[in-house]
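Student: no sequence on this one, just coordinates:
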């Protein structure tokens, strides 16, 4: 009985895992907040708004499959991005429960599916592909001017994917996947023999690439990442080479800037099938959760040293988000929504919706 | 569309089966199924490699002495190799993922006619490409559709067109690259063996791959070109429309599932007390394969022929039933439909 153990251990926190809504916890953390996810249901592609504490939710129809997103600090807004090679981003308002605006990528560019706001919520940084030459860029949009295109940062690389703002408010951490695609070829990967992936640290004002950390193998595509309050950064890879090889799938950058890869136990690495999806670093505990949909697993590690805390079977695991209360929320393509505690207790299913949650929770 | 309600009904039942799937019944140790699959799929890759080598030889023979006999042989060998690929195309993991090899072999769907544009670009070049140039070039011109363009497109309709040095050079280089891809798949599938047999999650991945193929047969390869998916019928949406061999390819896919998907599926279902379901699936698969094999080879030419169109509808319904049985199998085995597993980012 994981719920009871939690109750004994942590008092109030246990109540949420028993499924009792709210109880005043809402104000303390994201538990009472909206979260967002791309989703597919019987009627098509959606952006889903959802409050885990209450089950409150709304769906907005969108014309294309969406991917990741970000919340706008200080506002009741979130932006969700079309999935590669889509060209739209959707500004959602949680109060009005509707789409405020749909913004197209500038001509000749498409989004990679992720973005992040500046601390004051004015500038939106989104990873994009300049289609003509495949250059990986960050486009900066001004939310105060109806998300007008403000400027661009050249990452000197191909295939930037997820990005986060470091706690200094000045540096962007960017997963550079290294994979070249072109809309004419749909989602076909065009350069698997010639990849140069990296974790990048980028000055969000000058665009200077301050650090470039290449993975231990050039076919380890660095895709998703998250950052803790102390600056601990964990990035996840997707290996594009032979399926029978074994490579580490996680990279850690410590608060002091030290960088090293995390190797999980061999058997577990094999089961993950070279594929990590969402990364969530807890803000209040030294824990990281990684979803691995091909292995139908979530993996919990200690963010201080990469030690494996737990590995749980979780069918078609998709998005992950720290819940602000020592645990994580995890969504699945099967429609299920879970809470995964930081202590290694098995995932607890909180909800089932008749839809497929897509890759990420925002 | 008289069959539509039936299909919709089947679709709903299928969805229900998936949603109701309870605790996974997949045996903890399904290594035996994987061992069978590895052998059967490996055999099919070997056939693909052999057919690819024959195709390369025929391309050289034709270019050395263009003539009716060599031309007919070349077309036959192209279709044989293309069918050999269909038979193992359901495998979407392992060596086929490397270097986007599935796309190399068959760039489809090709909504922007990249195949035609890239082949034309090579035909206009000063010298024919080497095999290396094909290997390093566009994925749209590395496989069967590019060869199909050379063999069947109206731009090369005159009997001498393919015999011209530029066209023949391209034909030989693409065939050579294709044969190389087949050989690499055989080699890499063997190298993959221990890992595949030893990794439990490949059981679900293989099941998923087979069942997913039934869905794409139903939706992408039949419903869309037949006009049963919403937009009106459009023969250009069919695979191999240039050669009019769409139904031959479907038959080959079904034969491949019989030879290399059933061997692992049967013991898994039998272990779960579902031998009867396995028998139903095998019988329906065989009926669909026989039906497809006996039909006219193309899809587009049948759109305007009521009798032939009815045949296609019949095949569509049969594959719909197969797909529905696939959903039941997924439910029985507790197979998770991999929305994120199969198509993440």
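Tutor: All right, it came through fine. Computed from a predicted structure; not experimentally measured. Numbers count the residues shown, from 1 in each chain, chains lettered A, B, ... in the order given.

Student: so how many other residues sit close to the nearest residue to residue B:90 once chain neighbours are set aside?
Tutor: Spatial nearest neighbour of residue B:90, chain neighbours left out: residue B:213 (3.9 Å); criterion: C-beta to C-beta, 6 or more residues apart in numbering or on different chains. Placement of C-beta: from N, CA and C, glycine included. Using other C-beta atoms under 10 Å in any protein chain shown, residue B:213 has 23 other residues around it.

Student: Please apply the same query to residue A:293.
Tutor: 29.

Student: can you list the residues of the stretch 51-200 of chain B near chain A?
Tutor: For the stretch 51-200 of chain B, the residues in contact with chain A (C-beta under 8 Å from any C-beta of the partner chain) are B:93-95, B:97-100, B:103, B:107, B:112, B:114, B:139-140, B:188, B:191-192, B:194-196, B:198-200.

Student: so which residue of the stretch 101-250 of chain A comes closest to chain B?
Tutor: residue A:244 (3.7 Å; C-beta to the nearest C-beta).

Student: tell me the secondary structure for that residue?
Tutor: Assigned by DSSP: H, G, I helix; E, B strand; the rest coil, the conformation of residue A:244 is coil.

Student: contacts for stretch B:235-253?
Tutor: B:79, B:82-84, B:86-87, B:89-90, B:106, B:108-109, B:145, B:148-149, B:151-153, B:213, B:217, B:221-222, B:224-225, B:289, B:292-293, B:295-301, B:303, B:312, B:315, B:319 (C-beta atoms under 8 Å, 6 or more residues apart in numbering or on different chains).

Student: Of the residues you listed, select the buried ones using a ChimeraX command.
Tutor: The ChimeraX selection below is limited to those of those classed as buried (16 or more other C-beta atoms under 10 Å in any protein chain shown):
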select /B:79,82,83,84,86,87,89,90,106,108,145,148,149,151,152,153,213,217,221,222,224,225,289,292,295,296,297,298,299,300,303,312,315,319
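
Student: Out of the contacts of stretch B:235-253, name the ones that lie in helices.
Tutor: B:79, B:82-84, B:86-87, B:145, B:148-149, B:151-152, B:213, B:224-225, B:289, B:292-293, B:312, B:315, B:319 (DSSP state H).

Student: For the nearest residue to residue A:334 once chain neighbours are set aside, give me the pLDDT.
Tutor: Using C-beta to C-beta, 6+ apart and skipping the chain neighbours, the partner closest in space to residue A:334 is residue A:316 (5.2 Å). Note on residue A:316: pLDDT of 91.

Student: do the same with the one 5 residues further on
Tutor: According to the predicted model, the pLDDT of residue A:321 comes to 97.

Student: did I read that right, it in a strand?
Tutor: Yes. Counting by three-state DSSP, residue A:321 is located in a strand.

Student: Give me the neighbour count for it.
Tutor: 21.

Student: My guess is it contacts residue A:362. True?
Tutor: Yes. The criterion here is C-beta atoms under 8 Å, and residue A:321 meets it with residue A:362 at 7.3 Å.

Student: re the thing from before, and the residue of the stretch 101-250 of chain A closest to chain B, how far from residue B:193?
Tutor: According to C-beta to C-beta, to the nearest Å, residue A:244 stands 8 Å off from residue B:193.

Student: Same check on residue B:98?
Tutor: Taking C-beta to C-beta, one finds residue B:98 at 15 Å from residue B:193.

Student: With residue B:121 instead?
Tutor: Taking C-beta to C-beta, one finds residue B:121 at 40 Å from residue B:193.

Student: Could you check which of those two has the larger neighbour count?
Tutor: Here residue B:121 and residue B:193 are compared on neighbour count by other C-beta under 10 Å; more neighbours surround residue B:193, at 17 against 12.

Student: Which secondary structure state does the more buried one sit in?
Tutor: Once three-state DSSP is applied, residue B:193 turns out helix.

Student: Looks to me like residue B:135 is in a strand.
Tutor: No. Read with three-state DSSP, residue B:135 is helix and lies in no strand.

Student: pLDDT score for it?
Tutor: 96.

Student: Could you break chain B into its assigned domains?
Tutor: In terms of domains, chain B is parsed into B:1-30+B:202-337, B:42-199 (source: automatic domain parsing).

Student: Going by mean pLDDT, which of these comes out lowest?
Tutor: domain B:1-30+B:202-337 (a mean of 85).

Student: can you count the residues close to residue A:257?
Tutor: Count around residue A:257 with other C-beta under 10 Å applied: 11.

Student: Show me where chain B has its strands.
Tutor: Secondary structure of chain B (DSSP state E): no strands present.

Student: ugh, typo on my part, it should be the stretch 1-150 of chain A
Tutor: A:35-41, A:44-50, A:57-61, A:66-72, A:77-82, A:88-93, A:98-104, A:109-117, A:123-130, A:135-142, A:148-154 (DSSP state E, counting those that start in this stretch).

Student: buried sites along stretch A:241-259?
Tutor: A:241, A:242, A:243, A:244, A:247, A:248, A:249, A:250, A:251, A:252, A:253.

Student: I figured the third one hits residue B:97, correct?
Tutor: Yes. Here residue A:243 reaches residue B:97: they are 6.8 Å apart, a contact under C-beta under 8 Å.

Student: Quick check: neighbours shared by the two?
Tutor: Shared contacts of residue A:243 and residue B:97, counting by C-beta under 8 Å, 6+ apart, come down to nothing at all.

Student: burial of the residue nearest to residue A:334, as a residue count?
Tutor: 23.

Student: wait, it sits on residue A:294?
Tutor: No. Applying C-beta under 8 Å as the test, residue A:316 and residue A:294 come out as separate, 9.5 Å apart.

Student: Look up which helix or strand residue A:210 falls in, please.
Tutor: Using DSSP states H and E, the element containing residue A:210 is strand A:209-213.

Student: what helices or strands is that strand leaning on?
Tutor: strand A:198-203 (3 or more C-beta pairs under 8 Å, 6 or more residues apart in numbering or on different chains; DSSP states H and E).

Student: Quick check: the residue of chain A nearest chain B.
Tutor: residue A:333 (3.0 Å).

Student: Tell me, how many residues neighbour that residue?
Tutor: Neighbour tally, residue A:333, other C-beta under 10 Å: 28.

Student: ok, the residue in the stretch 51-200 of chain B that chain A sits nearest to - contacts?
Tutor: Nearest residue of the stretch 51-200 of chain B to chain A: residue B:195, at 3.7 Å (C-beta to the nearest C-beta). Residues near residue B:195 by C-beta under 8 Å, 6+ apart: A:243, A:244, A:270.

Student: Please name the nearest non-neighbouring residue to the second one.
Tutor: For residue A:244, the nearest residue in space outside its immediate sequence neighbours is residue B:195; the separation is 3.7 Å by C-beta to C-beta, 6+ apart.

Student: Thanks a lot, catch you later.
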